[in-house]
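In: Sequence below, structure please.
(4 chains)
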Protein chains: 2
Amino acid sequence: MDDESTSGVPAGIAAAWGVRAPATKGPKPGLTLDRIAAAGVAVADADGLAAVSMNRVAKELGSSAMSLYRYVDSKQDLLTLMVDTALGTIPTAAPDEDWRAGLVRWARGFVDAARAHPWTTRVAITAPPLAPNSVAWFEDALCCLRDTGLAEAEKASLVMMLSGYVRNHVMLMGEVQAHFLEAAATPHEAMRGYSDTLRRLTDAERFPALHAVLDAGVFDHADPPDEEFAFGLQRILDGIQALMRARA
Amino acid sequence: MDDESTSGVPAGIAAAWGVRAPATKGPKPGLTLDRIAAAGVAVADADGLAAVSMNRVAKELGSSAMSLYRYVDSKQDLLTLMVDTALGTIPTAAPDEDWRAGLVRWARGFVDAARAHPWTTRVAITAPPLAPNSVAWFEDALCCLRDTGLAEAEKASLVMMLSGYVRNHVMLMGEVQAHFLEAAATPHEAMRGYSDTLRRLTDAERFPALHAVLDAGVFDHADPPDEEFAFGLQRILDGIQALMRARA
DNA sequence: CGACTAACGCGTAAGGTATACGCAGTTCCA
DNA sequence: TGGAACTGCGTATACCTTACGCGTTAGTCG
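Out: Sure, this is the predicted structure:
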């Protein structure tokens, strides 16, 4: 009976932390949470998040939909675990990195993990991070800010901001590219199509700043996403640095 | 025939820009896009995004589900229009504001609009902004950066970053609070519950930075979301300012 | 003025979804 | 050797989106 330590925590997440009752009685469970989560990840990787249904995941395991509910409270619970599985482990910290290098390493690792499983950015967040790997990622970023003299609340805020930036970036780039590739042969043509459409729909006098961007050709070619990501990341880190300077 | 100007653009969005064929023949349409979008917004405001189904929206209009498909290509199309309707119009720019004051005004206006309709942050983005109000918000933020000497591509990047920050902030705060309020009477108790759960699940030696945050009581009380928002916003703006200083 | 035809409203139905409930079978403990 | 607890899972319910096609309406043209 783990009433106290698992109250309010979804069954799947509690089990992922290893704090479930060992289930001494009854038949041996035919499945494990790891296998279920892995199967879900496989389906999402192969056919997208929309293909992830309880039926499909169960079929992949040679089981049936309702069996999964013995291990997981709801589909949302399964999705949370899938994200946690897909995010995987954190890149190891260099021993002598400063906070800035550490956060760059962290952000790049996070972006790599998210890009390897783009569907993770589409799973709705319905609770603060509780699953093991999510908490580990959080911890690692906090560690980077260890010796900065910032308040704990500030560190937490900054890490949430950074994590949101990564999520948002991967989601936008991934989904927009996917959407464009449906309608155009090459990314170049796709962006050109967006640019043209925007130009046709909008009036240059009512939207001068937008047309300045269009005329500069910003949307005419698909930028390498890494550059775009690095640019925004450096701005955020500069902002953090400015805060630290103001404190010193 | 507007083949050229509406190719690839969802019907609903094209109509929202007013570039559809006037439909000279046939019976008068019994509905309008505005009424449909407004009905969808009303349902989402009242009962949440999950309650928004074609059936429900149609019922609200005294119509039937399939009728809506005469005006909208798909449910996603309707959702995009609903978001565009809910975001509404941009707060008017002060005549002599500098870029920083302008972006603060913009971000606060955006956050206010999003908080008034929290479900907007849960609508998946599947294409770059095309709907009228979305483009207008984009334009307004670009205008704030008009005289900064930054490259057009940089301006666009920064605006996307800022918009992502606002979306992410509203989504996290809104959904997490909503989730907690299901299980606890007061926000204070809810946060306390999260803090306790995290403390029970994690080990202080394996997660030292996290426990430093927990021990500092960061998660013990629900911060006023405005402070948290302003803090992150100022960091981003500082980062932009640093870029501009480096250019000068 | 009558016929044509494009557009509208919408009923029907297909094929998908999550999951509540309950039953049969299995395993351990007293 | 019961009895109890647990697992697997079939069935059923109540939704969802949307493809298809039919009847009807209302402008336009011969």
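
In: Any regions of chain A where pLDDT drops low?
Out: For chain A, applying pLDDT under 70 flags the ranges A:1-7, A:179, A:182-185, A:187.

In: Okay, the residue with the largest distance to the centre of it and DNA strand C: tell me how far apart.
Out: What lies farthest from the middle of chain A is residue A:205; by CA atoms, centre = their mean that is 38.9 Å. Distance of residue A:205 to DNA strand C, computed by CB to the nearest atom of the strand, to the nearest Å: 31 Å. From N, CA and C alone the C-beta is placed, and that goes for glycine too.

In: Which parts of chain A are helices?
Out: Assigned by DSSP state H, chain A shows helices spanning A:3-6, A:11-16, A:33-47, A:54-60, A:65-68, A:75-87, A:99-116, A:132-144, A:152-183, A:187-201, A:208-215, A:225-247.

In: what comes up buried for the third one?
Out: Which is helix A:33-47. For helix A:33-47, the neighbour count (16 or more other CB atoms under 10 Å in any protein chain shown) marks A:33, A:36, A:37, A:38, A:39, A:40, A:41, A:43, A:44, A:45 as buried.

In: list the helices and strands it packs on?
Out: Identification of packing neighbours for helix A:33-47 by 3 or more CB pairs under 8 Å, 6 or more residues apart in numbering or on different chains; DSSP states H and E yields helix A:11-16, helix A:54-60, helix A:75-87.

In: For the residue in chain A that DNA strand C sits nearest to, grab the count of nearby residues.
Out: When scored by CB to the nearest atom of the strand, chain A has residue A:53 as its residue closest to DNA strand C, at 3.2 Å. Neighbourhood size, residue A:53 [other CB atoms under 10 Å in any protein chain shown]: 13.

In: Report the separation between it and residue A:239.
Out: To residue A:239, residue A:53 is 42 Å away according to CB to CB, to the nearest Å.

In: Same question for residue A:202.
Out: In this view, residue A:202 and residue A:239 are 31 Å apart by CB to CB.

In: what about stretch A:143-161, start to end distance?
Out: Terminal residues of stretch A:143-161 are spaced 15 Å apart (CA to CA, to the nearest Å).

In: so does that stretch get close to chain B?
Out: Yes. Using CB under 8 Å from any CB of the partner chain, stretch A:143-161 comes into contact with chain B via A:143, A:145-146, A:151-158, A:160-161.

In: In ChimeraX, how would I select the buried members of those residues?
Out: To isolate in ChimeraX the members of the residues of stretch A:143-161 next to chain B that are buried, counting by 16+ other CB under 10 Å, one can use:
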select /A:143,145,152,153,154,155,156,157,158,160,161
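
In: now, which of the residues of stretch A:143-161 next to chain B sits nearest residue A:62?
Out: Ranked by distance to residue A:62 (CB to CB), the residues of stretch A:143-161 next to chain B are led by residue A:160 at 40.0 Å.

In: so who does that closest one touch?
Out: Neighbouring residues of residue A:160 by CB atoms under 8 Å, 6 or more residues apart in numbering or on different chains: B:172, B:232.

In: 7 Å instead, please
Out: Residue A:160 is in contact with residue B:172, counting by CB atoms under 7 Å, 6 or more residues apart in numbering or on different chains.

In: With residue A:64 instead?
Out: Contact criterion CB under 7 Å, 6+ apart gives residue A:58 as the residues in contact with residue A:64.

In: Tell me how far it lies from residue A:30.
Out: According to CB to CB, residue A:64 stands 11 Å off from residue A:30.

In: same thing with residue A:49?
Out: Counting by CB to CB, the gap from residue A:49 to residue A:30 is 26 Å.

In: So the two - more neighbours on which side?
Out: Under the neighbour definition other CB under 10 Å, residue A:49 and residue A:30 were set side by side, and residue A:49 has more, 19 against 11.

In: ok, residue A:202 and residue A:239, which is more surrounded?
Out: residue A:239 (23 against 19).
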